[in-house]
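[1] compute the structure for the input listed below.
(chains A and B)
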Amino acid sequence: MNSFSPGFRGRSRSLADRLPPGQYPTESFPVLSAGPTPRVPTETWAFTVTTELGDTHSWTWEQMMALPQQETVQDIHCVTRWSKFDTHWRGVPLDAFLEDVETAADYVVVSSYGGYTTNLPLEDLLDGKAWIAHTYDGYPLSPEHGGPARLLVPHLYFWKSAKWVRGLRLTLEDDPGFWESVGYHNYGDPWREQRNWGD
Amino acid sequence: MARAAQLGRLTVAIAWRRARLVERRPQTATARSLVLTVPGWPGHLPGQHVDVRLTADDGYQAVRSYSLAAPADADRIELGVQTVPDGEVSPYLADDLPLGADVEVRGPLGNWFVWRTEQTEPVLLVAGGSGVVPLAAMVRAHRRAQSRSPFHLLYSVRTPDEIWYRDHLADGDPRLDVRIVYTRQAPPGSTRAPGRIAPADLEEPTARLEPTSPVYVCGPTGFVEAVGNLLTDMGRDPATIRTERFG
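    Got it, this is the predicted structure:
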């Protein structure tokens, strides 16, 4: 007999290999963001990579859409404990944006239209692990889910998959982003349950 | 310097603490206030939340986040729980967890959707349904601090039966202006026809804000999206709008 929550039974225990610790599966697609949803027309959208020396590389919407596109099916995990299996995306792998960029940086700060930022190691964006996604389930990504384009880094908690993505800044030293500065874990691995500072 | 202080905090893990249910009060037919005592509770800011962890006899655990409904009060915390039909956790917390029994909590969490008593500008709070919970903590903290910052609460509910914290919201505090918007059924004598929050509902409370005044919006996603869009369409600086979405 447990000393906590007497009489609590809970639900299914059968998803252990796909469900990181502390998560529950959902069929819906909850929305979480810190402020109102920015409206970003594709006509003015641009994606910019800035190196640690200040060199910039930019793509317009048309230039991004002319890059090689990929379909990908991913499980995604939100720090607020929902996980969603087999989500379908279309986008451009980050490798395509970074292949001609000269850098010695180990870290990246991602910035968004609307002012959001998040940080992660550069290696977490390379080798087919991350995308700029513009299509979800066959339709243009809706504004509340980050449209017209968001970062997609499915192996980390979903706050790292910045909505309304606008650019990457390559840095030599790690620089905590928005949620990382107010209590969320600096890296955010769902399988190690890195939710908050100190986890 | 700020960075050094922050890195220092990175090393402190947030502990799970034993929390004992000491009081349960109905707010609506499906909503409850739960008061728990948490030995060692470090205090919190209005707007923050906790993780609540339940453990079944076979060791299975489920964790959900709940907003704190009242400001810090020694080792007592108050949560607002809305029963989700077929929910795994909320019906148990709302109706089954015995008084005197323990769960575990971890927190306080969330340093963004918070109001601090040092803030002096007028504030607009916009609540949809159970989204009133963290805003109630701000209202209570505002009153306890005798803050001079004018507070305006615009609270959207479907019917008069769904108002939480009725006593706290109608006690004649001159620094707190409460407007309730009914979306399905208004009480007799209402001059406003039932309907969702519209620009006309926001004009008066936003007219009394300063350009940098914070606006806190909390509720279901559709509600937060709609209110966020109305506010930005009215010319409100998006950087002043803080949102928290339930479900």
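
[2] ok, then the element right after the longest strand along chain A?
    Ordering each strand of chain A by length in residues (DSSP state E) puts strand A:82-93 first. Sequence-wise, the next helix or strand downstream of strand A:82-93 (DSSP states H and E) is helix A:94-98.

[3] list the contacts of that next one.
    The contact list for helix A:94-98 (Cβ atoms under 8 Å, 6 or more residues apart in numbering or on different chains) reads A:47, A:49, A:57, A:59, A:67-68, A:125-132, A:168. Bear in mind the C-beta positions are built from the backbone N, C-alpha and C, glycine included.

[4] if any of these are buried, put those into a PyMOL selection.
    In PyMOL, this line selects whichever of these come out buried by 16 or more other Cβ atoms under 10 Å in any protein chain shown:
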select buried, chain A and resi 47+49+57+59+125+129+130+131+132+168
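
[5] tell me which of the contacts of helix A:94-98 fall in strands.
    Counting by DSSP E, those place A:47, A:49, A:57, A:59, A:131, A:132, A:168 in strands.

[6] was I right about the third one contacting residue A:100?
    Yes. In this structure, residue A:57 sits in contact with residue A:100. The criterion is Cβ atoms under 8 Å, and the distance is 7.2 Å.

[7] ok so, going back, so which of the contacts of helix A:94-98 reach chain B?
    Among these, no residue lies close to chain B (Cβ under 8 Å from any Cβ of the partner chain).

[8] ok, which pair from the ones in strands among the contacts of helix A:94-98 is furthest apart?
    Using Cβ to Cβ, the two most remote members of the ones in strands among the contacts of helix A:94-98 are A:57 and A:131, lying 17.2 Å apart.

[9] sketch out the low-pLDDT regions of chain B for me.
    Within chain B, the segments meeting pLDDT under 70 span B:1-13, B:247.

[10] can you do 80?
    Applying pLDDT under 80 to chain B flags residues B:1-13, B:170-172, B:247.

[11] which helix or strand contains the residue nearest the centre of it?
    Central residue of chain B (Cα atoms, centre = their mean): residue B:134, 1.5 Å from the mean position. Taking DSSP H and E as the definition, one finds residue B:134 inside helix B:132-144.

[12] what comes into contact with the helix or strand following that helix?
    Stepping forward along the backbone from helix B:132-144, the first helix or strand reached (DSSP H and E) is strand B:151-157. Defining contact as Cβ under 8 Å, 6+ apart, one finds that strand B:151-157 is touched by B:122-129, B:132, B:135, B:138-139, B:142, B:163, B:169, B:175-183, B:196-197, B:201-202, B:205, B:208, B:219, B:223.

[13] using CSV, list the CA coordinates for whatever helix or strand comes next after strand B:151-157.
    Counting by DSSP H and E, the element after strand B:151-157 in chain order, helix or strand, is helix B:166-169. What follows is helix B:166-169, C-alpha atoms only, in CSV (Å, rounded to 0.1, in the frame of the first residue of the first chain):
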residue,chain,number,x,y,z
ARG,B,166,-17.6,34.6,-6.0
ASP,B,167,-16.9,36.0,-2.6
HIS,B,168,-13.4,37.2,-3.4
LEU,B,169,-14.5,39.0,-6.5
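
[14] tell me the domain ranges of chain B?
    By the assignment in automatic domain parsing, chain B contains the domains B:2-109, B:123-246.

[15] please state the offset of the last one from the chain centre?
    Its chain's average C-alpha position is 11 Å from that of domain B:123-246, according to Cα atoms, centre = their mean, to the nearest Å.

[16] quick check: neighbours of the biggest strand by length in chain B in the sheet, parallel or antiparallel?
    The longest strand of chain B (DSSP E) is strand B:16-26. Its sheet considered, strand B:16-26 pairs with strand B:31-37 (antiparallel), strand B:102-109 (antiparallel) by DSSP bridges.

[17] of those strands, which is nearest residue A:24?
    Among the strands paired with strand B:16-26, the nearest to residue A:24 by Cβ to Cβ is strand B:102-109 (16.6 Å).

[18] how far off centre is the closest one?
    Relative to the chain's own centre, strand B:102-109 is displaced by 16 Å; criterion: Cα atoms, centre = their mean.

[19] what does stretch A:135-144 give?
    15 Å.

[20] where does residue A:13 land on pLDDT?
    Model confidence at residue A:13, given as pLDDT, is 61.

[21] what does residue A:45 give?
    At residue A:45, the model reports a pLDDT of 98.

[22] for stretch A:135-145, list every residue counted as buried.
    Judged by neighbour count using 16+ other Cβ under 10 Å, the buried positions of stretch A:135-145 are A:135, A:136, A:141, A:143, A:144, A:145.

[23] same thing with stretch B:137-148?
    The neighbour-count check on stretch B:137-148 (16+ other Cβ under 10 Å) flags B:137, B:138, B:139, B:140, B:141, B:142, B:143, B:147 as buried.

[24] among these, which one lies nearest to residue A:110?
    Within the buried residues of stretch B:137-148, proximity to residue A:110 (Cβ to Cβ) peaks at residue B:138, which comes in at 30.7 Å.

[25] quick one, what contacts the closest one?
    Applying Cβ under 8 Å, 6+ apart to residue B:138 gives the contacts B:46, B:47, B:115, B:123, B:125, B:151, B:216.

[26] show me where chain B has strands.
    B:16-26, B:31-37, B:49-55, B:61-67, B:76-82, B:102-109, B:123-128, B:151-157, B:176-182, B:215-220, B:241-246.

[27] return the most buried member of these.
    With neighbours defined as mean count of other Cβ atoms under 10 Å in any protein chain shown, the strands of chain B peak in mean count at strand B:123-128, which reaches a mean of 27.

[28] next, the angle strand B:215-220 makes with that one.
    10 degrees (axes from the mean of the first three to the mean of the last three Cα atoms, to 10 degrees).

[29] ranges for the helices of chain A?
    For chain A, applying DSSP state H gives helices covering A:61-65, A:94-98, A:178-181.

[30] can you add mean pLDDT and give those back as a markdown table?
    Converted to a markdown table, the helices of chain A look like this (pLDDT from 0 to 100):
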| stretch | mean pLDDT |
| --- | --- |
| helix A:61-65 | 98 |
| helix A:94-98 | 97 |
| helix A:178-181 | 94 |
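
[31] in TSV: the ones you listed, plus mean neighbour count.
    Listed next are the helices of chain A as TSV, based on neighbours: other Cβ atoms under 10 Å in any protein chain shown:
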stretch	mean neighbour count
helix A:61-65	15
helix A:94-98	19
helix A:178-181	20
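
[32] now distance to residue A:26 too, for those, in a markdown table please.
    Shown next, in a markdown table, are those (distance: least, Cβ to Cβ, whole Å):
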| stretch | distance to residue A:26 |
| --- | --- |
| helix A:61-65 | 30 |
| helix A:94-98 | 27 |
| helix A:178-181 | 20 |
